[in-house]
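# can't give you the sequence, but here's the structure:
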């Protein structure tokens, strides 16, 4: 569980939130958080506090005015315990936090967070309130915990059949448990983990097509084919398809954003880039 507090000044660019193997809770006060179809377009949805489950498509979000919030990133199993609901209900969606955590709990906590004199006081409040929920919440299945740990350690590089063999459980049983306690089936979670692995490796490096855009252009430091091989994709075409499907951007464009964001304000959870500022 990781906390990130921020105050966003008016005019700050929206952030492109990419698929990641985390469940996000945003507790905000002041201007509401907006999601957009396109930068500069009208908001599709507004809310001060949001819960977002695992997803397989990008989301563009930000504040039209001055936003203040705390973002809590939870592992899926931590979210299952803390939220106390089947995570399949949150897969691919963003809902008002009040719908999951209750009106009274959400309102009371956000008011106390807004009134706290400093960030250390806010972290202490979150530790107490979220810790209490987790102590009272459901316990994840040991089978799911083992399968999740194995999949995470391999950055998604295990098939459903391999997971079933290594955990001694059937594939259908694993799929049902993952949907309940992770939110997505193992194959989809593995795809997201591999994508995040590639994006993290791309940060701080230069990637592109060999030879650059024209005659005489210097070759990039690494090719996209090398990134694909290092990240566990079959080939560069496989990487390109996944990047376009999961992020809506070409690999070169997305790697450039990751490279820029690594030195500035990207959100990093357990070494995985989850948010990029979409200038």
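Received the coordinates, thanks. A quick note: this is a predicted structure, and the numbers were derived from the prediction, not measured.
# which residues of the protein fall in helices?
76-83, 97-101, 103-115, 119-136, 142-153, 160-167, 171-181, 186-202, 224-231, 236-247, 251-262 (DSSP state H).
# by contact count, what packs against the shortest one?
With contacts defined as 3 or more C-beta pairs under 8 Å, 6 or more residues apart in numbering; DSSP states H and E, helix 97-101 has these neighbours: strand 23-30, strand 49-52, helix 103-115. C-beta coordinates here come from the backbone N, C-alpha and C atoms, glycine included.
# next one: the fifth one
In terms of contact count using 3+ C-beta pairs under 8 Å, 6+ apart, helix 142-153 is assigned the packing partners helix 76-83, helix 160-167, helix 171-181, helix 186-202.
# Pull out the buried residues from it.
By neighbour count with 16 or more other C-beta atoms under 10 Å, helix 142-153 contains the buried residues 143-144, 147-148, 150-152.
# what's the closest of these to residue 178?
residue 144 (6.5 Å; C-beta to C-beta).
# And the pLDDT for the closest one?
In this model, residue 144 is scored at 96, pLDDT.
# contacting residues around residue 177?
The contact partners of residue 177, taken as C-beta atoms under 8 Å, 6 or more residues apart in numbering, are 141, 143-144, 147.
# residues contacting the residue nearest to residue 77 when sequence neighbours are not counted?
Excluding the flanking residues, the one nearest residue 77 by C-beta to C-beta, 6 or more residues apart in numbering is residue 140, at 4.5 Å. Residues in contact with residue 140, defined by C-beta under 8 Å, 6+ apart, are 77, 80-81, 181.
# for residue 161, same thing?
Residue 161 neighbours (C-beta under 8 Å, 6+ apart): residue 171.
# Could you list the low-pLDDT ranges of the chain?
204-222, 261-279 (pLDDT under 70).
# go with 80
Applying pLDDT under 80 to the chain flags the ranges 11, 38-41, 203-222, 256-279.
# From residue 68, how far out is the closest residue to residue 79 other than its chain neighbours?
Using C-beta to C-beta, 6+ apart and skipping residues adjacent in sequence, the residue nearest residue 79 is residue 23, 3.6 Å away. As defined by C-beta to C-beta, to the nearest Å, residue 23 lies at a distance of 21 Å from residue 68.
# neighbour count winner among those two?
residue 23 (26 against 18; other C-beta atoms under 10 Å).
# distance of the more buried one from residue 72?
For residue 23, the distance to residue 72 (C-beta to C-beta) stands at 9 Å.
# Identify the contacts common to these two.
Joint contacts of residue 23 and residue 72 (C-beta under 8 Å, 6+ apart) do not exist.
# rewinding a little: need the helices of the chain in a markdown table with distance to residue 27, can you?
What follows is the helices of the chain, written out as a markdown table (distance: least, C-beta to C-beta, whole Å):
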| stretch | distance to residue 27 |
| --- | --- |
| helix 76-83 | 13 |
| helix 97-101 | 7 |
| helix 103-115 | 5 |
| helix 119-136 | 8 |
| helix 142-153 | 25 |
| helix 160-167 | 34 |
| helix 171-181 | 23 |
| helix 186-202 | 24 |
| helix 224-231 | 33 |
| helix 236-247 | 26 |
| helix 251-262 | 24 |
